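In: Coordinates for the following, if possible.
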Amino acid sequence: MVYNIEKKSMPGYMMYINGGLAGMMATCIVQPLDLVKTRMQISATTGEYKSSLDCLVKTFKNEGILALYNGLSAGLMRQATYTTARMGFYQMENEAYRNHYNAPPTVLASMGMGIMAGAFGAMFGNPAEVALIRMMSDNRLPPEERRNYKNVGDAFARIVKEEGVTALWRGCMPTVGRAMVVNMVQLASYSQLKKVFADYVSGLPLHICAAMVSGLLTTIASMPLDMAKTRIQQQKSGEYKGTMDVLMKVAKNEGVPALWKGFTPYLCRIGPHTVFAFIFLEQLTKAYKRFVLGDESASNI
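Out: Residues are numbered from 1 along each chain as shown. Sure, this is the predicted structure:
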């Protein structure tokens with residue numbers, strides 16, 4: 001007699017939790033690059049830094065090594081909100097598509113779902129984004145202008161108290177626009193690049209190659225929106241009215257190349273963050289299946 005033993009599967013909510021944890025772990029590694037990118041964008045008008053390396057060296061020399069992790073709590077909060085919400089929403093869309101059409105999503109459908117998931121995640125994670133930008137750039141301001149947030153919780157409380165709750169969603173539109181572009185380009189290019197590189201490499205090198213080239217394309221497409229988001233969220237005087245106002249003023253006053261200020265650290269952040277996030281996600285999934293579900297075969301995957 002043959003018994004059919006139902007194999008336990010990972011619940012949907014754990015996929016969201018693991019996705020958020022993987023993003024947070026990757027952020028701990030690439031946080032210094034994110035800080036350099038942000039400071040390069042904000043200081044474009046002053047010419048304070050000659051290059052990304054110059055920014056990194058000056059920050060380390062003048063403020064110490066811990067300054068490279070300014071805003072880490074906000075960065076982790078961003079992953080816990082944005083990444084978890086994005087992944088959860090995308091999986092809901094994916095499941096709904098499969099149930100309706102009884103087939104996996106097409107490339108165009110995946111792009112569309114990525115756009116909607118990115119928008120939803122960005123709206124949910126914008127408060128952490130605002131806190132992150134301010135905390136990373138605080139040390140370069142004159143002492144009398146510094147906000148001196150203790151952590152992301154203190155940042156949230158003071159922003160609401162001093163500027164109103166709506167300030168937590170300052171720069172929301174460029175943040176949403178950036179997220180839509182990032183998710184659309186990454187989802188469309190990453191899967192296609194893996195197919196192209198599969199003839200030459202496999203395993204981890206395949207993921208790294210596809211992620212880095214995808215990161216390059218994503219950086220080129222989303223960098224101006226990211227720069228606009230950063231400046232709107234950092235401003236105090238209401239210098240900019242919106243995304244287009246930022247882009248037009250920067251292009252006019254600083255030159256078109258300034259729209260891609262901080263390109264190198266931004267590229268170096270997107271590529272490694274994607275790779276590390278997928279590696280951590282895979283390991284977290286294996287650990288859950290092995291130690292919680294009792295699936296010993298998971299360790300051999």
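In: Three-state assignment for residue 147, please.
Out: Judged by DSSP: H, G, I helix; E, B strand; the rest coil, the three-state class of residue 147 is coil.
In: Now for it, how many residues are close by?
Out: Residue 147 is flanked by 16 other residues according to other Cβ atoms under 10 Å. The C-beta positions use only the backbone N, C-alpha and C, and glycine is treated the same way.
In: List the contacts of it.
Out: Counting by Cβ atoms under 8 Å, 6 or more residues apart in numbering, residue 147 touches 134, 138, 155, 158.
In: separation between the residue nearest to residue 16 when sequence neighbours are not counted and residue 94?
Out: Counting by Cβ to Cβ, 6 or more residues apart in numbering, residue 88 is the residue found nearest to residue 16 once chain neighbours are left out, at 4.3 Å. Between residue 88 and residue 94 the computed distance is 11 Å (Cβ to Cβ, to the nearest Å).
In: Buried residues, whichever strand or helix holds the residue nearest to residue 16. List them.
Out: Residue 88 is located in helix 84-101, with elements delineated by DSSP states H and E. Judged by neighbour count using 16 or more other Cβ atoms under 10 Å, the buried positions of helix 84-101 are 84, 85, 86, 87, 88, 89, 90, 91, 93, 94, 97.
In: So which elements touch the helix or strand following that helix?
Out: The element immediately downstream of helix 84-101 (helix or strand, assigned by DSSP H and E) is helix 107-137. Under the contact criterion of 3 or more Cβ pairs under 8 Å, 6 or more residues apart in numbering; DSSP states H and E, helix 107-137 touches helix 12-42, helix 72-78, helix 84-101, helix 152-163, helix 172-197, helix 204-234.
In: need the ones you listed in CSV with distance to residue 61, can you?
Out: Below are the helices and strands packed on helix 107-137 laid out as CSV (distance: least, Cβ to Cβ, whole Å):
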stretch, distance to residue 61
helix 12-42, 14
helix 72-78, 20
helix 84-101, 36
helix 152-163, 26
helix 172-197, 31
helix 204-234, 23
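In: if I pick the nearest residue to residue 105 once chain neighbours are set aside, what's in contact with it?
Out: Once flanking residues are discounted, residue 105 sits nearest to residue 97: 5.0 Å by Cβ to Cβ, 6+ apart. Residue 97 sits next to 105, 109, 113 when contact means Cβ under 8 Å, 6+ apart.
In: Please tabulate those residues in TSV, including the columns pLDDT.
Out: Listed next are the contacts of residue 97 as TSV, based on pLDDT from 0 to 100:
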residue	pLDDT
105	81
109	86
113	86
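In: In space, what's closest to residue 250 - neighbours in sequence excluded?
Out: Going by Cβ to Cβ, 6+ apart, residue 250 has residue 258 as its nearest residue, at 5.2 Å.
In: I figured that neighbour hits residue 249, correct?
Out: No - look at residue 258 against residue 249 with Cβ atoms under 8 Å: they stay out of range, at 10.1 Å.
In: residues near the residue nearest to residue 250, how many?
Out: If you count neighbours by other Cβ under 10 Å, residue 258 ends up with 17.
In: ok, it to residue 51 distance?
Out: 14 Å.
In: Residue 120 contacts residue 86, doesn't it?
Out: Yes - taking contacts as Cβ under 8 Å, residue 120 lies within contact range of residue 86: 6.9 Å.
In: between the helix holding residue 88 and helix 12-42, how many degrees?
Out: On the basis of axes from the mean of the first three to the mean of the last three Cα atoms, to 10 degrees, helix 84-101 is oriented at 130 degrees to helix 12-42.
In: now helix 84-101: mean pLDDT?
Out: Helix 84-101 shows a mean pLDDT of 82.
In: What ranges in this structure fall below the confidence cut-off?
Out: 1-9, 44-46, 187, 236-237, 296-301 (pLDDT under 70).
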